[in-house]
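*Asks:* Structure here, sequence nowhere to be found:
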């Protein structure tokens, strides 16, 4: 009870409270939610992305129709979109720049 | 008349879906609307006891869907509010005995006659969830400021959006402002940022809600209950009123501290 009364009063004190557990909860949730969303990222989403990327890149470069690799990969706490696409040719216009 | 069907869902059980449904239903009826609340938790019904109508059930949702009674016979009039009706879940059946199309058909019929149809969704993401979200034009997600409830809310929001219920609105239930202030509870900004949704309101943890529920009376009828006031504001927002969101503030002042420490007043907040 005494420790309750002695607790620092001002807002800033509390915000800097090193024992506050809120930030632990937030960080754990952030990583759990991102992992869940990653796990639930369906192959249809990756396929749609592949289609759109193919269309966008083809406006600038000649690339092979089949991506060698396109996936969402987890490294440490972050997610990366990893793609490896072989360029078949660079159009004349692009070279002129 | 063309009513609106809103589903109250959460993913995780025990976060307050049924209590929220009862209070939003009562709140909308208090505002003069004709309202039906539907318990879709077939096999584990509870909206009836929360509303104090458990002794009045003759026919239930499944009876109405399977044609054993007329739709009106399955509608139980509220004790306090004559424009509020409950359709109870069947207790001796399971979630698989109805499908989303049947519930959607039932709600479309109710929309002809009522302003709001509030659907209380069961916990989980299986058949019961799919049934409940079928007829909805809007969705409200209830969570508490705990990691398990928030994570499940994220999952449910994803499923709602996959079912074209975009931009569900969030209610954060059982907020304890004292803990938020100490930095020991996730606050609304943390939760909104994690879930990336709009917030409809916050409801403080409140002893008066428990005593009201003990008596089968939605706490919105208790004018002194902080949770009841929160539900009033939430209902007004659902009804299109632009009421600003206020932070729940812990009680301050020496006398409140003394009352709290003496155990006279166990609530840790003032009204917001």
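*Replies:* It's in. All values derive from a computational prediction rather than experimental measurement.

*Asks:* alpha carbons only for contacts and neighbour counts from here, please
*Replies:* OK.

*Asks:* Helix, strand, or coil at the one residue sitting closest to the centre of chain A?
*Replies:* With distances taken as Cα atoms, centre = their mean, residue A:79 lies nearest the centre of chain A, 4.1 Å away. Secondary structure, DSSP: H, G, I helix; E, B strand; the rest coil: residue A:79 is strand.

*Asks:* Run through the helices of the chain in chain order.
*Replies:* With no chain named, the answer covers chain A. With DSSP state H as the criterion, chain A has helices at A:2-6, A:11-15, A:22-39, A:43-58, A:92-96.

*Asks:* You answered for a different chain; I wanted chain B.
*Replies:* Remark: helices assigned in chain B by DSSP H are B:17-30, B:47-50, B:61-65, B:100-111, B:127-133, B:147-162, B:177-182, B:188-195, B:207-214, B:226-238, B:254-262.

*Asks:* Residues touching the third one, excluding its own?
*Replies:* Applying Cα atoms under 8 Å, 6 or more residues apart in numbering or on different chains, the contact partners of helix B:61-65 are B:38-40, B:69-71, B:73-74, B:87-90, B:97-98, B:102-103, B:106.

*Asks:* Poorly predicted segments of the chain, please.
*Replies:* Defaulting to chain A. For chain A, residues meeting the criterion pLDDT under 70 lie at A:1-18, A:67-68, A:93-97.

*Asks:* switch to chain B, that's the one I care about
*Replies:* Ranges of chain B meeting pLDDT under 70: B:1, B:251-272.

*Asks:* need the residues of it near chain A, please.
*Replies:* B:147, B:150-151, B:154-155, B:181-186, B:190, B:194, B:261 (Cα under 8 Å from any Cα of the partner chain).

*Asks:* Using a markdown table, lay out those together with distance to residue B:57.
*Replies:* A markdown table is the format used below for the residues of chain B next to chain A (distance: Cα to Cα, whole Å):
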| residue | distance to residue B:57 |
| --- | --- |
| B:147 | 37 |
| B:150 | 34 |
| B:151 | 36 |
| B:154 | 35 |
| B:155 | 34 |
| B:181 | 44 |
| B:182 | 46 |
| B:183 | 46 |
| B:184 | 43 |
| B:185 | 40 |
| B:186 | 40 |
| B:190 | 42 |
| B:194 | 41 |
| B:261 | 44 |
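
*Asks:* Pull the contacting residues for the closest residue to residue B:134 other than its chain neighbours.
*Replies:* In space, and not counting its chain neighbours, residue B:134 is closest to residue B:100: 4.9 Å by Cα to Cα, 6 or more residues apart in numbering or on different chains. Residues near residue B:100 by Cα under 8 Å, 6+ apart: B:130-135.

*Asks:* hang on, the earlier thing: ok, the residue nearest to the centre of chain A touching residue A:72?
*Replies:* Yes: under the criterion of Cα atoms under 8 Å, residue A:79 is in contact with residue A:72, at a separation of 6.5 Å.

*Asks:* The residue nearest to residue A:31 when sequence neighbours are not counted - how many residues pack around it?
*Replies:* Spatial nearest neighbour of residue A:31, chain neighbours left out: residue A:77 (6.8 Å); criterion: Cα to Cα, 6+ apart. For residue A:77, the neighbour count with other Cα atoms under 10 Å in any protein chain shown is 10.

*Asks:* so residue A:71 sits right up against residue A:46, yeah?
*Replies:* Yes: counting by Cα under 8 Å, residue A:71 does reach residue A:46; the two are 7.2 Å apart.

*Asks:* separation between residue B:113 and chain A?
*Replies:* As judged by Cα to the nearest Cα, to the nearest Å, residue B:113 and chain A stand 40 Å apart.

*Asks:* distance of that residue from residue B:35?
*Replies:* Counting by Cα to Cα, to the nearest Å, the gap between residue B:113 and residue B:35 amounts to 9 Å.

*Asks:* Please consider this matter closed, and thank you.
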